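K.L.:
Coordinates for the following, if possible.
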Amino acid sequence: MLGKAKVATRLPAKDLDRARAFYSEKLGLDPVEQREGGLRYVCATGEFAIFISAGVQSGTHTQMGWEVEDIDATVRELRARGVKFEEYDLPGLKTVDGIAEIAGNYPSKGIGERGAWFRDSEGNLLGIGQPVRS
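P.N.:
Next up is the predicted model:
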């Protein structure tokens, strides 16, 4: 049943106007529709919604990500818009200029992945990934 369902991410926000401005100005995304307390966005093969929440965003793990064809160009473009990328120096995960080389991937996706992470205006941790093919 769920294997045939469309997946849609939900991200919490304390300030919906601030979140709308971030996604528009920094990421170049505008909602396709809105309702009281929520904004809905559609990308190439998925969608997400930002909703007003009194909860606390953990920001300790990737809450949503985009798979891109050219992570270097995407990071450059987002930086030019003012997005600040996270830097990590952890066992098994080290970023260089905001991008990590990650060993291993799902077999259908390639032999590895390159990844970068940033936070939105509400503290949600978002990721960008590019599969590394052989």
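K.L.:
Mind exporting the C-alpha coordinates of stretch 26-34 to CSV?
P.N.:
Coordinates of each C-alpha in stretch 26-34 appear next as CSV, following Å, rounded to 0.1, in the frame of the first residue of the first chain:
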residue,chain,number,x,y,z
LYS,A,26,17.9,31.8,-0.5
LEU,A,27,16.7,28.7,-2.4
GLY,A,28,14.7,30.3,-5.2
LEU,A,29,11.5,28.3,-4.2
ASP,A,30,8.0,29.7,-3.9
PRO,A,31,5.0,27.9,-2.6
VAL,A,32,2.6,26.5,-5.1
GLU,A,33,-0.2,27.0,-2.6
GLN,A,34,-0.8,28.0,1.0
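K.L.:
Quick check: mean pLDDT of that stretch?
P.N.:
When the per-residue pLDDT values of stretch 26-34 are averaged, the result is 97.
K.L.:
Please apply the same query to stretch 127-134.
P.N.:
pLDDT averaged over stretch 127-134 equals 90, rounded to a whole number.
K.L.:
cool, and stretch 72-87?
P.N.:
With pLDDT averaged residue by residue, stretch 72-87 scores 97.
K.L.:
buried sites along that stretch?
P.N.:
The neighbour-count criterion (16 or more other C-beta atoms under 10 Å) identifies Thr74, Val75, Leu78, Arg79, Val83, Phe85 as the buried residues of stretch 72-87. Yep, even glycine has a C-beta here, placed from its N, CA and C like the rest.
K.L.:
distance of the fifth one from Ile99?
P.N.:
Think Val83. Between Val83 and Ile99 the computed distance is 13 Å (C-beta to C-beta, to the nearest Å).
K.L.:
try the first one
P.N.:
When C-beta to C-beta is the yardstick, Thr74 and Ile99 sit 10 Å from each other.
K.L.:
Give me the common contacts of these two.
P.N.:
Jointly contacting Thr74 and Ile99 under the rule C-beta atoms under 8 Å, 6 or more residues apart in numbering are Ala116.
K.L.:
ok, of the buried residues of stretch 72-87, which one's closest to Ile50?
P.N.:
Closest to Ile50 out of the buried residues of stretch 72-87 is Val83 (16.4 Å), distances taken as C-beta to C-beta.
K.L.:
The closest one contacts Tyr23, doesn't it?
P.N.:
No. Using C-beta atoms under 8 Å, Val83 is not in contact with Tyr23; the gap is 10.9 Å.
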